[in-house]
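# What follows is a predicted structure for the sequence shown.
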Amino acid sequence: MARLIDRPIDRVRTAPGGHPRSFRWRGKAWRVDRTTEIWKDSGCWWEGEGEKVFFRVEIAGGRLAEVYFDRRAEKWYLYRVYD
């Protein structure tokens, strides 16, 4: 089961190439053990949305999460967490 979050991330540390290595959300730090998938979404360009780069990542404890970087806003977001 997945929970939709879609909220800004407080801080992200990235590896060379831009992959997230860890992030802090609502005061809790999460370590990224590995990236399992990467994809791009052009968004609703007709409404002014920019390209988003999504990362499905395995976080500590074997859980999965999806984070994305909004290139236009230059911000990271926690999109979804899988239970």
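Perfect, I can see it now.
# so what's the most centrally placed residue in the chain bridging to?
Centroid-nearest residue in the chain, with CA atoms, centre = their mean: V67, separated by 1.2 Å. Counting by DSSP bridges, V67 is bridged to F55, L78.
# Do me a favour and get the end-to-end distance for stretch 65-83?
9 Å (CA to CA, to the nearest Å).
# which of the residues in it are buried?
Neighbour counts using 16 or more other CB atoms under 10 Å place 65-70, 76-81 of stretch 65-83 among the buried residues. For every residue, glycine as well, the C-beta is placed using N, CA and C.
# Give me the residues contacting it.
Contact with stretch 65-83 is made by 1-9, 12, 18, 20, 23, 25, 30, 41, 48-57, 59, 63-64, as judged by CB atoms under 8 Å, 6 or more residues apart in numbering.
# Restricted to strands, list those.
Using DSSP state E, the subset of the contacts of stretch 65-83 located in strands is 2-8, 12, 20, 23, 25, 30, 41, 52-57, 59, 63-64.
# what about the closest residue in space to M1 that isn't next to it in sequence, distance to R26?
Nearest residue to M1 in three dimensions, chain neighbours excluded: D83, at 5.0 Å (CB to CB, 6 or more residues apart in numbering). Separation of D83 from R26 (CB to CB, to the nearest Å): 17 Å.
# got it, and R34?
On the measure of CB to CB, R34 and R26 end up 23 Å apart.
# pretty sure K52 is touching G43, no?
Yes - using CB atoms under 8 Å as the test, K52 is close enough to G43 to be in contact (5.9 Å).
# who has more neighbours, those two?
Neighbour tally, K52 and G43, criterion other CB atoms under 10 Å: the higher count belongs to K52, 18 against 15.
# pLDDT at the more buried one, what is it?
Per-residue pLDDT puts K52 at 95.
# for it, what are its contacts?
For K52, the contacting residues are 40-41, 43, 68-71, by CB under 8 Å, 6+ apart.
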